[in-house]
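Visitor: need coordinates for the below:
(one chain, ligands or ions: 2)
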Amino acid sequence: MLIVMKPHATAEQIEAVKEKISSMGFTAHSIPGAQRVAIGITGNREALEAEQFITMPGVADAVRVSQPFKLVSREVKEEDTVIDVGGVLLGGRQIVVMAGPCSVESKEQILEAAAAVKRAGAVILRGGAFKPRTSPYEFQGLREEGLKLLALARERTGLKIVTEIKDTETVPMVAAYADILQVGARNMQNFSLLEKLGSLDKPILLKRGLSATLKELLMAAEYIVSRGNHRVALCERGIRTFETMTRNTLDINAVPVLKALSHLPVIVDPSHGIGLRQHVPAIARAGVAAGADGLIIEVHPQPDKALSDGHQSLSPDEFATLMKQVEGIARAIQRPLISALPG
Ligand code: PEP
Ligand code: MN
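Guide: Residues are numbered from 1 along each chain as shown. Ligands and ions are numbered 1, 2, ... in the order given. Next up, the predicted model:
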């Protein structure tokens, strides 16, 4: 249930509502950023009676939330959540592009990639330091050394950094370096990890599981938000289908559906979504046209030499060409691109 307070409700009246919720054994959540003061209630197994709250001083309305995901739903917060990543606004009118290699491989590689993606207009640098690989024999990432190199790239370019968090043990270490923590597809339902990220004061990029439904993705986001971390962005990165010509099937449907069901920003990952370099630009353009708030794209200075996902990584030139196209599409839907370029 959602308790909507009257516009001039006093702090005491708000507190009284929260206390009543706690005394009933449930949890009260302030909904940040909402134009009106609203308090979400979770923890109740059965529907609550609106009358219990409506009669309290300062309360305007008590509304049943019909979706199983409560705090992330549009029902509790009509306006879009805008995540401030050190000045880069994710989920606002402008489209945000994150780009960089699948994995951080060396100082030269990450600095070159960072400079190239910045030149083309990306504002956030991606790069994995802890890599969840299908095979234990494949490159597992440079770990803390990779995080240090990302921090160096940020220092040199001013780009913010997004990197994957693979397990609960490394949360403090990764959080000390990253601007956004990425939860990979394979970890979307790692509930211990989600709970830990819920009490962190860092934006989270939550990727959709390989065979997760949109409801499961939203419930995973609810795990984080219900613990108090409201800065979560959802990422469609393709799901596993019967199709074998492409690595995954990017579910373009997810974009408008998630935007309608939830107030959280939605990011599209065309690289893992299709897995084929030559087709990444088409899917990136489609993502923006469908209403995504941003893109996360793999770019490598020398894709053919990449230690992971080279087959789906764009070269710096291909990325620069794509950025011009994305800018055109963004403009056509009245959503300018946030560009690192001055002016
Ligand atoms: C990645 O971003 O490199 C990655 C491993 O993505 P996903 O978790 O979507 O497979
Ligand atoms: Mn990758």
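
Visitor: from residue 211, how far out is residue 240?
Guide: In this view, residue 240 and residue 211 are 5 Å apart by C-beta to C-beta, to the nearest Å. Every C-beta, even on glycine, is put in place using the N, C-alpha and C of the backbone.

Visitor: make that residue 76, sorry
Guide: 28 Å.

Visitor: what residues does the stretch 201-343 of the chain put near ligand 1?
Guide: 207, 237, 272 (C-beta under 6 Å from any ligand atom).

Visitor: against residue 52, how distant is the first one?
Guide: Meaning residue 207. 39 Å.

Visitor: the last one now?
Guide: Residue 272 sits 47 Å away from residue 52, going by C-beta to C-beta.

Visitor: what's near enough to touch residue 228?
Guide: For residue 228, the contact set (C-beta atoms under 8 Å, 6 or more residues apart in numbering) comprises 198-199.

Visitor: is the residue nearest the centre of the chain in a bridge, and if so with what?
Guide: Taking C-alpha atoms, centre = their mean, the centroid of the chain lies closest to residue 233, which sits 2.4 Å from it. Counting by DSSP bridges, residue 233 forms beta bridges with residue 205.

Visitor: surely it and residue 205 touch.
Guide: Yes. Between residue 233 and residue 205 there is a contact under C-beta atoms under 8 Å: 5.1 Å.

Visitor: please enumerate the shared neighbours of those two.
Guide: In contact with both residue 233 and residue 205: 180, 267, using C-beta under 8 Å, 6+ apart.

Visitor: what ranges do the strands span in the chain?
Guide: 2-5, 27-30, 38-42, 59-63, 83-85, 88-90, 96-100, 124-126, 160-164, 180-183, 204-207, 232-236, 266-268, 294-298 (DSSP state E).

Visitor: columns distance to residue 15 on top of those strands, output as CSV?
Guide: Converted to CSV, the strands of the chain look like this (distance: least, C-beta to C-beta, whole Å):
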stretch, distance to residue 15
strand 2-5, 11
strand 27-30, 10
strand 38-42, 10
strand 59-63, 13
strand 83-85, 27
strand 88-90, 31
strand 96-100, 37
strand 124-126, 38
strand 160-164, 36
strand 180-183, 32
strand 204-207, 29
strand 232-236, 27
strand 266-268, 34
strand 294-298, 37
